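[1] Sharing a model that was predicted from the sequence below.
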Amino acid sequence: QVPLVESGGGLVQAGGSLRLSCAASGIGFSINVMAWYRQAPGRQRELVAAITDDGTTVYADSVKGRATISRDVADDTVHLQMNSLKPWDTAVYYCAAAPHGYSTDYHDPKSMGSWGRGTQVTVSS
């Protein structure tokens, strides 16, 4: 069983919007932070946004003003609303989570303890 399951990816035109969702189930630890990362072909995996259980958020500079991360702590779900999508937003988007005690450098994917399988987002020009 995959502990984090993403949904909501797909093909969207530039300038459009997309909402990604991720649900945690059987993850095996109490979640502190949930996050979205993305990886485009030939590029390293990078943080898109993260949110802690007290609501603190971190965004990549490239998505500030265009992305909103939200979370339902009770249900262990996290959502990513992306607006004004650009072709360079095209990537596989991964949901991730980490317990308390892990690194808080969320820009580093190694700060996460569990990952989903990813969902493809393609933005056409």
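    Yep, that arrived.

[2] Show me the residue at the heart of the chain, geometrically.
    The C-alpha lying nearest the average C-alpha coordinate of the chain belongs to W36 (Cα atoms, centre = their mean; 1.3 Å).

[3] distance of that one from S125?
    Using Cβ to Cβ, to the nearest Å, W36 is found at 23 Å from S125. (Each C-beta comes from the backbone N, C-alpha and C, glycine too.)

[4] where are the low-confidence patches of the protein?
    The model of the chain has pLDDT under 70 over residues 1.

[5] hmm, back to that, the host helix or strand of the residue nearest to the centre of the chain - contacts with which helices or strands?
    Taking DSSP states H and E as the definition, W36 sits inside strand 31-39. Using 3 or more Cβ pairs under 8 Å, 6 or more residues apart in numbering; DSSP states H and E as the contact criterion, the neighbours of strand 31-39 among helices and strands are strand 18-24, strand 46-52, strand 67-72, strand 77-82, strand 91-99.

[6] buried residues in it?
    Residues of strand 31-39 classed as buried: 31-38 (neighbour count, 16 or more other Cβ atoms under 10 Å).

[7] Widest-spaced pair of the residues you listed?
    Greatest spatial distance among the buried residues of strand 31-39 (Cβ to Cβ): N32 and R38, at 21.1 Å.

[8] Hmm, S70 is touching G55, no?
    No - applying Cβ atoms under 8 Å, one finds S70 not in contact with G55, separated by 9.2 Å.

[9] neighbour count winner among these two?
    It is S70, of S70 and G55, that has more neighbours when counted by other Cβ atoms under 10 Å, with 16 against 9.

[10] Could you give the bridge partners of that one?
    For S70, the beta-bridge partners are H79 (DSSP bridges).

[11] go on, A35?
    Using DSSP bridges, the bridge partners assigned to A35 are A50, A96.

[12] If we ignore the residues flanking it in sequence, what's nearest A49?
    Counting by Cβ to Cβ, 6 or more residues apart in numbering, the nearest residue to A49 once its immediate chain neighbours are dropped is I69, at 3.9 Å.
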